Each structure stands twice: as C-alpha cells, then as structure tokens.
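Sequence first, predicted coordinates after that:
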Amino acid sequence: MKVHFIAIGGSAMHNLAIALVKKGYSVSGSDDEIFEPSRSRLKKYGILPEKEGWYAENIQPNLDAVIVGMHAKEDNPELHRAQELGIPVFSYPEYLYEQAKDKIRVVIGGSHGKTTITSIILHVMQFHNMECDYMVGAQLEGFEVMVKITPTANVMILEGDEYLTSPLDKRPKFHLYEPDIALISGIAWDHINVFPTFEMYVDQFRIFADLITPYGTLVYCEADPEVKKIGDNSRNDIDKKPYGLPSFKVKEGITYVLLDGQKIPLKVFGEHNLLNINGARLVCNQLGVSDAAFYEAIQSFSGASKRLEKVAENDQTTVYKDFAHSPSKLKATTSAVHAQFPDRKLVACLELHTYSSLNEKFLDQYKSCMDSADEAIVYFNPHTIQLKRLPAITPGQVKQAFARADLIVYTDSKKLLNDLLAKNWQNTNLLMMSSGNFDGIDFRELGENITLNN
C-alpha cells in the first residue's frame with residue numbers, strides 16, 4: 001500500500017504515518033512547516049519530507065490513498081491533484097475507521113478525561129499482555145507511538161475528539177468511528193468557534209451515543225447531569241453502564257481506592273481521575289478484564305503526559321504541569337492539587353491559549369474556576385489574539401470574568417517567569433496549566449530552578 005499524507009507534521013498525523021510504516025506501508029508526506037518532536041520522529045522512520053511546502057507532483061497515480069490533515073486548506077494543490085486523479089482521499093479519522101472497521105471499536109469521548117481514560121485502558125491491556133490497536137492523544141510512558149495498527153489485534157481503542165474532521169468534512173471526528181463500546185466522561189462547552197451554543201455542543205455527544213452499533217455498550221458518567229441525560233435516554237438496545245466516584249481516602253499525600261476492605265494505592269489523584277479510573281474499569285470489564293485484574297494494573301499507572309504531570313519536587317514544593325485550559329478541566333485540576341496537599345499553599349497559573357479561552361464571549365465561563373488556589377494567575381498574549389482574528393481582551397475583562405478580586409493577570413511571559421522564580425516556595429506547590437507553553441517557558445527548567453533554589 002502506498003499512502004501520502006498532506007500535513008504530515010501534525011501530532012496526530014505523524015503518529016498515524018509512523019504506525020503505517022511499522023505496518024509495512026510505503027508512506028510519503030508533505031507540510032509547510034514541521035516542528036519537534038514530529039521532525040525528528042519522521043526523520044527516524046525515513047519519511048521526513050525533503051523540503052517544506054505543497055507540490056502537486058507529490059501526488060502520483062500509483063498512490064492507494066491520500067490522508068489530509070486539518071492543517072491543510074481546501075485549496076491545497078496536492079489535494080486538488082488527488083481529486084483530479086480519482087485517488088481515494090481520507091481524513092485522519094476516516095482512515096482510522098478504515099483500519100478498524102473489522103475490529104471491536106472502543107471509543108472514549110468527553111470534553112475532559114478522554115486522554116486519561118484511554119491511557120488507563122491501554123496501560124491495563126499492556127500490563128496483562130492483551131493485544132490491541134489504539135490511537136491516543138498523548139505520549140504515554142512505555143508506548144513508543146500514539147497510534148498502533150496491526151493486522152492481528154481484534155480490538156482498537158480510540159480517543160474520540162469532538163473537533164472537526166478535516167477542511168472537507170465538518171463532522172466531529174468521533175462521529176466517524178461507529179463504536180461497539182463507547183464512553184462519555186463529561187460535557188463542558190468547548191470549541192466555541194465551531195459550536196457557538198452549548199446546546200449545539202451537547203448535540204454532538206447525543207449523536208455520538210446514537211452511532212453506537214446495534215446491541216453495543218455505552219459507559220457514561222452519571223455524576224455529570226448532561227451525560228446522565230444522554231446515557232439514560234440512549235437507545236434501548238444499548239447496554240447502559242453508568243458510573244460515579246469509587247470509595248476512596250487520601251492519607252499522607254497518597255490516594256487509595258477502598259474496595260472490599262482493601263486499600264488500593266494510586267499514583268494519580270483527584271476526584272476527576274477517580275471518575276476516569278471507574279469509567280476505564282467498566283470498559284476493561286467489557287474487554288474481559290476482571291475488577292481484580294484491573295486494580296492490580298492500575299496501581300502502576302502514573303498518568304498521561306501533560307495531565308497533572310509532576311515536573312519537579314523537593315520536601316517543600318511540588319511543581320505540576322497540566323493540559324487544562326477549559327473551565328471544567330481547570331476547576332478539576334486545581335481542586336485536585338488543593339485536596340491532595342491540604343497543608344500546602346497552591347499557586348495556580350493558567351495560560352489562555354485556545355480560540356475559545358481567548359474569546360470575549362466565552363470568558364465568563366471561567367467564573368470561580370480557580371477558587372481552590374491560594375494564589376491565582378492568568379497569562380495571555382495579545383498577539384495570539386490578533387493571530388486568531390479575535391476582538392482584543394483586557395486584563396480587566398479577564399479579572400472580572402474569573403470573579404476573583406485578587407487574580408493576577410500577565411501579558412508578558414518573561415515578567416511572569418521572573419516573578420515566579422522570585423517567590424518564596426516554602427510549603428507551596430505550583431500548578432502550570434496550558435495547551436501551549438506560556439510563550440516559551442520551559443516547565444522542567446522552571447520546576448528545577450524552584451525546587452533547587454528554595
């Protein structure tokens with residue numbers, strides 16, 4: 001099979017490209033810019049484009065398929081050439097379905113938690129040497145790639161993103177997978193540029209549940225009222241499995257699940273992660289993993305990359321980074337760190353980075369989301385707002401939206417970094433939250449400087 005990727009440098013796209021190389025396919029690709037770590041990984045597998053840009057001559061009649069990423073535009077010359085030659089053109093999720101259509105498809109959806117739940121399931125499957133294919137949205141410890149496709153596995157675990165499929169296909173990605181087993185973790189309005197109302201956003205999850213194959217299974221978080229409505233009212237032929245919080249306790253900085261008189265220690269913490277674990281357990285049950293086998297494996301799960309990831313620590317301070325950027329993720333993550341370390345102060349620092357978070361119409365969704373922090377900081381870059389062609393926002397608007405009088409707002413990341421380094425971190429934790437990097441802050445270097453110098 002000969003496959004060409006248009007926009008091969010994307011996080012998801014380059015992982016799929018590598019997965020196909022490992023499966024024995026002949027892979028080529030193009031992009032107008034490729035950053036690390038995609039560049040090094042594509043080079044390692046011999047599929048880094050020789051030069052950047054789009055070139056119609058890359059598309060030859062002997063190609064079996066062309067896969068187009070979200071970064072490509074509708075007027076892409078390679079895309080036009082593929083259409084002229086009649087070569088099958090797939091979006092990223094369409095091609096994943098093509099590879100998984102004869103397998104049991106497990107799709108994990110939700111505004112938050114889907115990467116962690118997918119990661120938990122994969123960790124448990126690997127722990128017990130159970131073969132499966134997968135696609136997950138983060139680099140996981142013990143897994144070389146984020147996408148694996150084999151001819152032998154009869155199960156594929158897919159993280160189900162609700163964002164758009166491709167420039168040519170405006171459906172949410174998770175509408176294309178037709179799950180046999182589906183999970184919905186939670187619903188909190190996001191992607192305002194695509195779903196301008198909350199109702200429109202919720203509808204995407206209702207459609208997702210309706211796309212479960214006949215007599216399939218829906219695992220859903222009944223602690224979330226919107227999810228509970230969808231789960232309770234889903235088709236009658238679907239096996240419905242609601243879940244909530246397991247019994248647990250926190251002692252000396254360790255969270256334990258309480259089960260039949262046992263205390264099962266975890267490396268992760270926070271009520272959101274406990275919900276994630278319970279949802280993953282029910283999915284694993286459907287794949288033949290008993291509760292005992294699940295809890296044996298979960299004790300060694302240390303979390304997905306950038307999801308409450310410990311960056312550095314000493315006996316006085318722990319520094320975390322987290323992908324949290326939406327209001328629900330922000331609230332859950334901040335509350336989790338506060339609850340895990342009740343005797344320490346918490347400095348929580350958020351970067352407004354996504355289209356939704358920088359949109360003045362969405363800002364009010366952040367009200368009270370950082371109330372668990374002793375000190376709350378928000379950073380945004382006015383230039384990023386210009387690039388996204390959004391109306392300007394002011395520090396005053398941000399402060400008002402978060403409804404916290406002592407909120408500190410920065411628009412200069414160097415000043416923020418210097419102020420963080422100058423703080424007294426005795427008996428105080430730091431939580432850095434963003435889908436970006438605060439315009440160049442190295443979280444690991446920051447953490448090392450704080451923990452070594454305090």
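Sure thing, it's come through. Numbering: from 1, shown residues only.

could you measure Gly24 against Asp371, distance?
Between Gly24 and Asp371 the distance, using Cβ to Cβ, to the nearest Å, works out to 53 Å. Any C-beta I mention is one placed from the backbone N, CA and C, and that applies to glycine too.

Of these two, which one has the most company?
For the pair Gly24 and Asp371, the greater number of neighbours falls to Asp371 (15 against 8), based on other Cβ atoms under 10 Å.

quick one, what contacts the nearest residue to the more buried one once chain neighbours are set aside?
Ranked by Cβ to Cβ, 6 or more residues apart in numbering and with sequence neighbours excluded, the top spatial neighbour of Asp371 is Arg404, at 6.9 Å. By Cβ atoms under 8 Å, 6 or more residues apart in numbering, the contact list for Arg404 reads 368, 370-371, 376.

Can you tell me which of the residues you listed has the largest number of neighbours?
Ranked by neighbour count under the definition other Cβ under 10 Å, the contacts of Arg404 are headed by Met370 with 26 neighbours.

surely that residue meets Thr334?
Yes - here Met370 lies in contact with Thr334, judged by Cβ atoms under 8 Å, at a distance of 5.7 Å.

Could you chop the chain up by domain?
Structural domains assigned to the chain are 2-87, 95-298, 309-452, following automatic domain parsing.

Serialize those domains to TSV and add fields for mean pLDDT.
TSV is the format used below for the domains of the chain (pLDDT from 0 to 100):
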stretch	mean pLDDT
domain 2-87	94
domain 95-298	94
domain 309-452	93
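
ok, Ile47 to Asn76 distance?
If you measure Ile47 against Asn76 using Cβ to Cβ, the figure is 19 Å.

Can you check which helix is longest in the protein?
Assignment by DSSP state H gives helix 271-286 as the longest helix of the chain.

Sort out which residues of that helix are buried, please.
Neighbour counts using 16 or more other Cβ atoms under 10 Å place 272-286 of helix 271-286 among the buried residues.

Pop out the phi and psi values for the closest residue to Arg235 other than its chain neighbours.
Of all residues not flanking Arg235 in the chain, Asp210 sits nearest, at 6.7 Å (Cβ to Cβ, 6+ apart). Per-residue torsions, Asp210: phi -70, psi -20 (degrees, to the nearest 10).

Distance check, Arg160 against Phe438.
Quick fix: residue 160 is Gly, not Arg. Using Cβ to Cβ, Gly160 is found at 29 Å from Phe438.

Pick out the residue nearest the middle of this protein.
With distances taken as Cα atoms, centre = their mean, the residue of the chain nearest its centroid is Thr115 (4.5 Å).

how about that residue, secondary structure?
Put simply, Thr115 is helix when judged by DSSP: H, G, I helix; E, B strand; the rest coil.

Contact partners for it?
The contact partners of Thr115, taken as Cβ under 8 Å, 6+ apart, are 136-138, 159, 304, 307, 323.

Gly160 and Phe438: which is more packed in?
In terms of neighbours (other Cβ under 10 Å), Gly160 is the more surrounded of Gly160 and Phe438; the figures are 27 against 24.

Just give the number of residues close to the nearest residue to that one once chain neighbours are set aside.
Nearest in space to Gly160, with sequence neighbours left out and distances taken as Cβ to Cβ, 6+ apart, is Phe174 at 3.2 Å. In terms of burial, Phe174 registers 28 neighbours under the definition other Cβ under 10 Å.

repeat for Glu84
10.

and it, how far is that from Val27?
Note on Glu84: its distance to Val27, by Cβ to Cβ, is 22 Å.

Contact partners for Lys329?
Residues touching Lys329, when contacts are defined by Cβ under 8 Å, 6+ apart, comprise 111-112, 188, 322-323, 433.

Quickly find the element holding it.
helix 327-340 (DSSP states H and E).

Give the other helices and strands that the following helix or strand past that helix contacts.
Sequence-wise, the next helix or strand downstream of helix 327-340 (DSSP H and E) is strand 345-351. Where contact means 3 or more Cβ pairs under 8 Å, 6 or more residues apart in numbering; DSSP states H and E, strand 345-351 is packed against helix 327-340, strand 375-379, helix 413-422, strand 428-433.

Burial-wise, tell me which of those comes out on top.
Among the helices and strands packed on strand 345-351, ranked by average contacts under mean count of other Cβ atoms under 10 Å, first place goes to strand 428-433 (a mean of 24).

Can you pull out the residues in contact with that strand?
When contacts are defined by Cβ under 8 Å, 6+ apart, strand 428-433 is touched by residues 311, 316-325, 329-330, 333-334, 337, 341, 344-351, 373-374, 420, 438, 441, 443, 446-447, 450.
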